[in-house]
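Okay, sequence plus prediction incoming.
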Amino acid sequence: MRQMEEQLSKLPVTAVSDALKGQTNMNPAIQPVKEELRLFGRAHTVKVRAADNKLVLRGISEAKTGDVLVVDARGWRENAACGDFVVGLAKTLGLSGMVIDGAVRDLAGIRDLDFPVFCLGTTQAASGRHGTGETGVPVSCGGAVVKPGDWIIGDLDGVAVIPAGEEEQVLIAAQKKLEADEAREKKVLQNVASARTYLDDVLQ
């Protein structure tokens, strides 16, 4: 299983999306705050009310080393689900990243942490700590269903969910797609004539 996890973690999200026929893609507006950082790990889920982030802290406390905290903040962008201090807590406790269907703040501080955070954007406004919500339950994040224990993978192209139990078939299908893409590139992009032949075949 460990070898499979390592192979999955290196896949581009586009290949995972193709393997799952795009059915588990999150909203592409959910993007990394630092472009070069990739994201991979099992989901620990949090559902919060807009402008209430106390359960984000509970989720961080409950999560296991290597988990990705997945926060269903209902797409709310007026108040931040967390800032650099809370992200720092997640990093210190060994989480592998955060995905937030909502906003963050303290963007420069988060980038300085070199910790993968994917979200809808930034805001200057804080949230309150009322404790409304749930942790460790199925959530909707960026339009994708995420259950605790699912795999989350993210890179510059976006975020996708690999449902728990489908790891092997996703890995096989994604690797086949990458191999086919590489073979196509070698065949088609070698010169002008081969590129023209490809276009003629596709467009006829």
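Arrived safely.

show me what contacts the closest residue to residue 20 other than its chain neighbours?
For residue 20, ignoring the flanking residues on the chain, the nearest one in space by CB to CB, 6 or more residues apart in numbering is residue 170 at 6.3 Å. C-beta here means a position set from N, CA and C on the backbone, and glycine is covered the same way. Residue 170 sits next to 8, 16, 19, 20, 162 when contact means CB atoms under 8 Å, 6 or more residues apart in numbering.

redo that, cut-off 10 Å
Shown here is residue 170, whose contacts under the criterion CB atoms under 10 Å, 6 or more residues apart in numbering are 4, 8, 11, 15-16, 18-20, 24, 151, 153, 160, 162-163.

Quick check: pLDDT value at it.
Here, the pLDDT recorded for residue 170 equals 96.

Distance of it relative to residue 137?
With the distance defined as CB to CB, to the nearest Å, residue 170 ends up 23 Å from residue 137.

Neighbours of residue 112, how many?
12 (other CB atoms under 10 Å).

sorry, that was for residue 120
Residue neighbour count, defined by other CB under 10 Å, stands at 20 for residue 120.

So for residue 76, what's the nearest residue that isn't a sequence neighbour?
Using CB to CB, 6+ apart and skipping residues adjacent in sequence, the residue nearest residue 76 is residue 50, 3.8 Å away.

Past the lengthiest strand in the chain, which element shows up next along the chain?
For the chain, the longest strand by residue count, based on DSSP state E, is strand 68-82. Using DSSP states H and E, the next helix or strand after strand 68-82 towards the C-terminus is helix 84-92.

list the buried ones in that following helix?
Across helix 84-92, burial judged by 16 or more other CB atoms under 10 Å covers 84, 86, 87, 88, 90, 91.

And for stretch 125-135?
Burial within stretch 125-135, assessed by neighbour count using 16+ other CB under 10 Å, is assigned to 127, 133, 135.

before we move on, the earlier item: the residue nearest to residue 76 - how many residues pack around it?
16.

do the same with the one 4 residues further on
Taking other CB under 10 Å as the neighbour definition, residue 54 ends up with a count of 16.

show me what contacts it?
Contacts here follow CB under 10 Å, 6+ apart; on that basis residue 54 touches 48, 127, 128, 129, 130, 131, 132, 133.

Can you tell me the SS state at the fifth one?
The three-state label given to residue 130 by DSSP: H, G, I helix; E, B strand; the rest coil is coil.

Next, give phi and psi for residue 43.
Dihedral angles of residue 43 (phi, psi; degrees, to the nearest 10) stand at phi -80, psi 130.

I figured it hits residue 137, correct?
No. Using CB atoms under 10 Å, residue 43 makes no contact with residue 137, being 11.0 Å away.

Now the common contact residues for those two.
With CB under 10 Å, 6+ apart applied, the overlap between the contact sets of residue 43 and residue 137 consists of 146, 147, 148.

And the residues you listed, which is closest to residue 201?
residue 146 (40.0 Å; CB to CB).
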